[in-house]
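Chemist: I would like to see how this sequence folds:
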Amino acid sequence: GSADSYPVYVKDNLLNTNPNFDYGRFRELALKAKSNGSSIQMFAFVFNDPGVYVFVDNAQPKVQTVVAVMRAETRCPTEGRIVPFSAANLIALGVIKDDNLILTPDWVLIGIMSGLIVCVFSFVIAGLYYFQHRGWGSNSNRDPKYRRESKR
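Modeler: Numbers count the residues shown, from 1 in each chain. Down below sits the predicted model:
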């Protein structure tokens with residue numbers, strides 16, 4: 001690729017399996033490429049932990065690369081080290097989308113929000129009741145001063 005074409009780690013991709021992956025070197029590469037892209041000729045990275053890692057090309061974000069790192073005792077299930085991005089190859093490598101996205105509810109936040117809604121609703125009802133019976137209607141039926149004086 002060119003100097004403006006470099007790998008970007010897609011942190012939130014559902015195919016990634018290592019949530020603790022330190023992709024700081026890829027962020028450094030992006031900063032160096034943006035500041036002085038012509039000075040970068042080559043980039044290499046060694047993956048130490050097994051897992052699946054998804055990258056896109058900075059210049060063409062639709063171009064994805066999936067890196068599947070196997071354990072040392074595991075033999076790669078595909079013919080070559082680099083294979084085309086296809087459903088069959090993803091299945092062979094054991095790459096699956098993580099569908100476990102259901103998070104436990106934050107009960108403290110739900111309780112606070114519910115309590116605030118009940119408090120605001122109660123204050124609005126109490127305010128409407130107060131102003132209807134005591135506040136606004138008390139002076140509205142009185143005659144203006146000039147009418148009271150003219151009736152004398």
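
Chemist: Now do the lengthiest helix in the chain: distance to the chain's middle.
Modeler: Using DSSP state H, we find that the single longest helix of the chain is helix 107-130. Chain-centre distance of helix 107-130: 29 Å, with Cα atoms, centre = their mean, to the nearest Å.

Chemist: Give me the next element, helix or strand, following it.
Modeler: Where DSSP states H and E defines the elements, the next helix or strand beyond helix 107-130 is helix 145-150.

Chemist: Convert the C-alpha atoms of that following helix to CSV, please.
Modeler: As requested, the backbone C-alpha atoms of helix 145-150 are provided in CSV (Å, rounded to 0.1, in the frame of the first residue of the first chain):
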residue,chain,number,x,y,z
LYS,A,145,-59.9,49.6,41.7
TYR,A,146,-61.6,52.1,39.3
ARG,A,147,-64.8,50.0,39.1
ARG,A,148,-65.0,49.6,42.9
GLU,A,149,-64.7,53.4,43.3
SER,A,150,-67.3,54.1,40.6
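
Chemist: List the buried residues of it.
Modeler: Residues of helix 145-150 classed as buried: none (neighbour count, 16 or more other Cβ atoms under 10 Å). Bear in mind the C-beta positions are built from the backbone N, C-alpha and C, glycine included.

Chemist: ok so Gln67 is a helix residue?
Modeler: Small correction: residue 67 is Val, not Gln. No: assigned with DSSP: H, G, I helix; E, B strand; the rest coil, Val67 falls outside any helix and is strand.

Chemist: Thought Tyr53 was touching it, still the case?
Modeler: Yes: using Cβ atoms under 8 Å, Val67 makes contact with Tyr53 at a distance of 4.5 Å.

Chemist: of the two, who's got more company?
Modeler: Tyr53 (23 against 15; other Cβ atoms under 10 Å).

Chemist: quick one: the more buried one is in a helix?
Modeler: No: read with three-state DSSP, Tyr53 is strand and lies in no helix.
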